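Trainee: quick one, structure for this:
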Amino acid sequence: MSLQCGIIGIANVGKSTIFNCMSATKAEASGFSFSNKTNLSIINVPDARLQELEKHQPTEKIIPTTVEIVDIPGLTKSSGRSDKGANQFLSEIRNCDALIHVIRCFDDENLPHVDGSVNPIRDIETVNLELQIKDLESVEKKIQRLEKVVKSGDKDAKKGIEVLNVYKDHLESFQNAATAPVSDDDKRYIADIFLLSTKPVIYVCNVDDSSAVNGNKYVEQVKEFLKDENTEILIIAGAMEAEIAELESMEDRMAFLSDVGLQEPGVNKLIRAAYSLLQLETFFTVGPKEIRAWTIKRGATAPQAAGAIHSDLERGFIRAEVMKYNDFVTLGSEQACKEKGKLSIEGKNYIVDDGDILHIRFNV
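Mentor: Modelled structure (predicted):
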């Protein structure tokens with residue numbers, strides 16, 4: 001499932017450092033204010049349920065599900081208007097389905113801020129402005145195209161212009177396209193221009209080590225600024241997470257985390273948040289050969305879930321035998337679920353829930 005979550009932010013906020021903590025594909029992290037390299041990594045999604053399942057079904061291997069994360073080089077002011085290289089990065093954002101916006105919430109004299117001082121609200125506004133400028137350009141171009149069509153008497157094109165002008169006014173008021181007062185049905189008029197500021201976003205406050213648990217004044221500023229947005233705000237100490245990621249043994253990592261008051265690496269929460277932001281869910285197949293997590297889009301049917309395993313299973317789908325994760329780990333086995341009536345037989349219209357354990361019956 002080729003959905004991507006892009007990491008964005010202005011230069012020198014620690015995007016690549018955080019990306020490297022998640023990924024086996026290491027991006028270059030430096031103090032330069034501009035980089036021209038985009039990095040992509042397919043990252044395992046941490047899921048403690050896999051280890052719980054193994055307690056009840058010994059298996060030869062465990063295979064987690066994955067999510068694609070793209071580290072996009074930092075934006076700078078006016079990048080959408082003049083700098084061809086940075087304009088390319090706005091195009092990279094266009095290819096993403098959701099965004100992780102990393103914000104600098106730490107002081108470091110050895111890593112100067114590109115604007116001279118640490119101000120997370122200004123940084124958010126800088127990125128938003130660049131996305132809005134690019135979106136405004138896209139909207140105006142489509143209005144021009146539809147104006148030519150209107151001359152032929154196309155009423156739908158006329159309606160499209162009306163809707164696009166709502167977006168135009170909204171963007172010119174320095175608002176993201178996602179909050180434009182437009183009905184869900186009328187959003188079809190922007191479906192083909194992939195506006196950048198309509199993408200779902202989570203925010204990551206990159207803090208110093210001492211602020212890893214409770215945040216700091218910069219984090220509080222971000223929370224206040226975003227209080228009216230339906231979004232998630234995470235706190236990660238990027239430099240410390242990088243140190244943790246370098247430790248080879250899990251015991252050493254957990255000891256390090258415990259010393260600073262954390263139960264797990266912050267990037268684990270970020271990976272799961274990115275997975276959820278893409279509206280992805282997980283179902284499991286469980287057996288002695290492997291326990292495996294599979295990715296589906298939220299709201300997927302049983303045949304679509306079968307197709308995530310193999311197209312033949314979707315094509316020849318007959319039924320799905322379904323156990324709920326909580327029932328399986330509570331009762332301890334498939335046989336116990338059967339005896340307690342906790343194994344259900346579901347047909348083609350069944351909507352798979354996150355955590356379902358499936359066995360697909362098919363015939364090709």
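
Trainee: correct me if wrong: Ile69 contacts Gln4.
Mentor: Yes. Contact status for Ile69 versus Gln4: in contact at 7.4 Å, counting by Cβ atoms under 8 Å. Heads up, the C-betas are built off the backbone N, CA and C, glycines and all.

Trainee: higher neighbour count, the two?
Mentor: Under the neighbour definition other Cβ atoms under 10 Å, Ile69 and Gln4 were set side by side, and Ile69 has more, 25 against 18.

Trainee: helix, strand, or coil at that one?
Mentor: strand (DSSP: H, G, I helix; E, B strand; the rest coil).

Trainee: gap between it and Cys21?
Mentor: From Ile69 across to Cys21, the span is 11 Å (Cβ to Cβ, to the nearest Å).

Trainee: just Ala306 next, same as before
Mentor: Distance from Ala306 to Cys21, by Cβ to Cβ: 35 Å.

Trainee: neighbour count for the two, which is higher?
Mentor: Using other Cβ under 10 Å, the more surrounded residue of Ala306 and Cys21 is Ala306, with 28 against 24.

Trainee: how about the more buried one, secondary structure?
Mentor: Under three-state DSSP, Ala306 comes out as helix.

Trainee: list the contacts for it?
Mentor: 313-314, 317, 320, 358, 360, 362 (Cβ atoms under 8 Å, 6 or more residues apart in numbering).

Trainee: leaving out chain neighbours, which residue sits closest to it?
Mentor: Once flanking residues are discounted, Ala306 sits nearest to Leu313: 3.9 Å by Cβ to Cβ, 6 or more residues apart in numbering.

Trainee: so the one you found is in contact with Asn363, correct?
Mentor: No. Taking contacts as Cβ under 8 Å, Leu313 lies outside contact range of Asn363: 10.1 Å.

Trainee: with neighbour numbers in mind, choose between these two.
Mentor: The residue with more neighbours, out of Leu313 and Asn363, is Leu313; 20 against 8, by other Cβ under 10 Å.

Trainee: tell me the predicted confidence for the more buried one.
Mentor: Leu313 carries a pLDDT value of 96.

Trainee: with Cys205 instead?
Mentor: 97.

Trainee: so it bridges to which residues?
Mentor: Here Cys205 sits in beta bridges with Ile103, Ile235, going by DSSP bridges.

Trainee: distance check, it against Ser16.
Mentor: In terms of Cβ to Cβ, Cys205 sits 17 Å off from Ser16.

Trainee: next, give phi and psi for Asn110.
Mentor: Reported as degrees, to the nearest 10, the phi and psi values for Asn110 are phi -80, psi -10.

Trainee: can you get me a residue count around it?
Mentor: Residues near Asn110, counting by other Cβ under 10 Å: 5.

Trainee: if I look at it, how far off is Tyr167?
Mentor: In terms of Cβ to Cβ, Asn110 sits 43 Å off from Tyr167.

Trainee: cool, and Asn176?
Mentor: Taking Cβ to Cβ, one finds Asn176 at 10 Å from Tyr167.

Trainee: could you check which of those two has the larger neighbour count?
Mentor: When neighbours are counted by other Cβ under 10 Å, Asn176 and Tyr167 differ, and Tyr167 comes out ahead with 29 against 19.

Trainee: you'd agree Leu99 is in a strand?
Mentor: Yes. Leu99: assigned to a strand according to three-state DSSP.

Trainee: chain neighbours aside, what residue packs nearest to it?
Mentor: Val201 is the one closest to Leu99 (Cβ to Cβ, 6+ apart), at 4.7 Å.

Trainee: which SSE is Glu248 in?
Mentor: Assigned by DSSP states H and E, Glu248 falls within no helix or strand.

Trainee: ok, Glu54 next?
Mentor: helix 49-56.

Trainee: average pLDDT for the helix or strand following that helix, rounded please.
Mentor: Remark: after helix 49-56, the chain's next helix or strand is strand 61-63, criterion DSSP H and E. If you average the pLDDT over strand 61-63, you get 97.

Trainee: neighbouring strands of strand 61-63 in the sheet, and parallel or not?
Mentor: strand 290-297 (parallel).

Trainee: any idea of the angle the partner strand forms with helix 49-56?
Mentor: Angle, strand 290-297 to helix 49-56, by axes from the mean of the first three to the mean of the last three Cα atoms, to 10 degrees: 150 degrees.

Trainee: what lies in contact with strand 290-297?
Mentor: So strand 290-297 is contacted by 1, 45, 47, 49-50, 53-54, 57, 59-67, 279-285, 304-305, 308-309, 352 (Cβ under 8 Å, 6+ apart).

Trainee: stretch 182-194 too?
Mentor: Against stretch 182-194 from outside (Cβ under 8 Å, 6+ apart): 94, 138-139, 141-142, 159-160, 163-164, 166-167, 177, 198.

Trainee: now find how far off-centre that stretch is within its chain.
Mentor: Mean-position distance between stretch 182-194 and its chain equals 22 Å (Cα atoms, centre = their mean, to the nearest Å).
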